[in-house]
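Q: Here is a sequence together with a model predicted from it:
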Amino acid sequence: MNSSTPRVFIAATRQNDGKTTNSLGLLAALQKHYPRVGYIKPVGQRFVEVDEHKIDEDTVLMDRVYQLNCPLVDMSPIAVEPDFTRKYLQSSNYDTLVKKIHKAFDRVAWEKDFVLCEGSGHAGVGSVFDLSNATVARLLEAKVIIVSQGGIGKPIDEVSLNQALFEKEGVEIIGVILNKVMPDKLEYVTEFARRGLKRKGLELLGVLPHQPILCRPSMQLIADELQARLLNKGDRLTNLVDEVVLGAMGVQNVMNLFRPGVLIITPCDREDIILAAATTLFGQDEGLAGIVLTGNCEPSSAVLKVIQELPFPVLLAPRDSYRVASTVHDLIVKTRPNETQKISLIRDIVAKHVDVNRILKSL
């Protein structure tokens, strides 16, 4: 396997702690030092179908944002499908998987100046099929950056757990990045987290302030998760949701909640709410974030004509209101390639708050 191209492995203390956010920002920062940067997520758990290949969704994001000129199948060599673990436990094929990762890395690193490797959760994720993040980092001969959520006590406790497994595998940790720290506590957390990590022999590489916009789901994400059908124009599916309202009360009470950023979830037979939205918001450039109609029964043809003219997306979901609201509440918000505002913000905060030069010196 290629041992000469510089590389770094982005891990985390838990899933959804900010690995992809930091990877997205670091790629932009690294391109200022290395014109040709590659990316690989050796083991992916959330994937999409691309040309009949299962590709991790974070890999698709990186490729579309940065046009990395690497084959997608090599940037995402192993997709953990629902029956992947069972098949592995029945007939272990560890050596085959290792060769697949090594060959994929070689192709990704071909003619590249640097490769960013992204893990899939905490250090132990993947242990059940002998490819924990700590093991994969060792296989790639990569030093590690650990990303954890903001705070002092809890993140350092969790970093220490992960540190033990990486050290057991003989993997060096460059340092730690804390994510989602409240802006008014940035200096305080930075000072004491640095002290706490130093006692563990670790460096604090950066502290990213919490950005509420990064936690706001788009209507496109909601449509995908609900497998909902769009009933009108799709040019506002990038609308971001600030607040979710269940339209289970009288129409007058619902109308008091009509404002930008609000998502209304209501049964499909509540045509009074749809008509009230059309009347109240007619002619406005910004209306609601959107409406989700539940129950999978189409409104009347007259109301459908009204929906066509609404300045925000209206979705029809094949579930009841409770299940729709629960799904939206539990959404894992992932940045999408078309969310340019989020991507620009991520680049800016990583460039400002992460010590990239210190990372490069550590390599």
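A: Nice, I can see it.
Q: If you count contacts, what does the helix or strand of the chain with the lowest mean pLDDT end up packed against?
A: Sorting the helices and strands of the chain by mean pLDDT, DSSP states H and E puts helix 251-255 at the bottom, at a mean of 83. In terms of contacts (3 or more CB pairs under 8 Å, 6 or more residues apart in numbering; DSSP states H and E), helix 251-255 is packed against helix 271-280. C-beta coordinates here come from the backbone N, C-alpha and C atoms, glycine included.
Q: and the helix it packs on, C-alpha only, in PDB?
A: What follows is helix 271-280, C-alpha atoms only, in PDB (Å, rounded to 0.1, in the frame of the first residue of the first chain):
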ATOM      1  CA  GLU A 271     -58.100  21.700   3.400                       C
ATOM      2  CA  ASP A 272     -59.000  24.600   5.600                       C
ATOM      3  CA  ILE A 273     -55.400  24.900   6.700                       C
ATOM      4  CA  ILE A 274     -54.100  24.700   3.200                       C
ATOM      5  CA  LEU A 275     -56.500  27.400   2.000                       C
ATOM      6  CA  ALA A 276     -55.700  29.600   5.000                       C
ATOM      7  CA  ALA A 277     -52.000  29.400   4.100                       C
ATOM      8  CA  ALA A 278     -52.800  30.300   0.500                       C
ATOM      9  CA  THR A 279     -54.900  33.300   1.500                       C
ATOM     10  CA  THR A 280     -52.600  34.600   4.300                       C
END
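Q: Give me the residues contacting it.
A: Contacts with helix 271-280, where a contact means CB atoms under 8 Å, 6 or more residues apart in numbering, come from 247, 251, 254-255, 258, 264, 266, 287-288, 291, 293, 299-300, 303, 306-307, 309-310, 314.
Q: Restricted to strands, list those residues.
A: Ile264, Thr266, Ile291, Leu293, Val314 (DSSP state E).
Q: who touches the last one in this structure?
A: Yep, that's Val314 we're talking about. Leu230, Leu231, Asn232, Ile274, Gly290, Ile291, Val292, Leu293, Ile307.
Q: Could you give me the PyMOL syntax to select whichever of those residues are buried?
A: The PyMOL selection below is limited to those of these classed as buried (16 or more other CB atoms under 10 Å):
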select buried, resi 230+231+232+274+290+291+292+293+307
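Q: Determine which two of the contacts of Val314 are furthest apart.
A: Leu230 and Ile274 (14.7 Å; CB to CB).
Q: that older thread, let me have the ones in strands among the contacts of helix 271-280 in CSV, adding pLDDT and distance to Arg14 as columns.
A: Output for these, formatted as CSV (pLDDT from 0 to 100; distance: CB to CB, whole Å):
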residue, pLDDT, distance to Arg14
Ile264, 94, 32
Thr266, 93, 35
Ile291, 95, 34
Leu293, 96, 35
Val314, 95, 36
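Q: one step back: as a markdown table, the contacts of Val314 with distance to Asn22 would be great.
A: Output for these, formatted as a markdown table (distance: CB to CB, whole Å):
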| residue | distance to Asn22 |
| --- | --- |
| Leu230 | 33 |
| Leu231 | 37 |
| Asn232 | 37 |
| Ile274 | 41 |
| Gly290 | 30 |
| Ile291 | 34 |
| Val292 | 32 |
| Leu293 | 37 |
| Ile307 | 40 |
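Q: May I ask you to name the longest strand in the protein?
A: Under DSSP E, the chain gives strand 173-181 as its longest strand.
Q: What pairs with that strand, parallel or antiparallel?
A: Using DSSP bridges, the strands paired with strand 173-181 in its sheet are strand 143-149 (parallel), strand 204-209 (parallel).
Q: Of these, which stretch is the most buried?
A: Of all the strands paired with strand 173-181, strand 143-149 has the most neighbours on average by mean count of other CB atoms under 10 Å, namely a mean of 24.
Q: Not counting its own residues, what contacts it?
A: Contacting residues not belonging to strand 143-149 are listed as 7-14, 17-19, 22, 137, 155, 158-159, 162-163, 166, 171-180, 205, 359, 362-363 [CB under 8 Å, 6+ apart].
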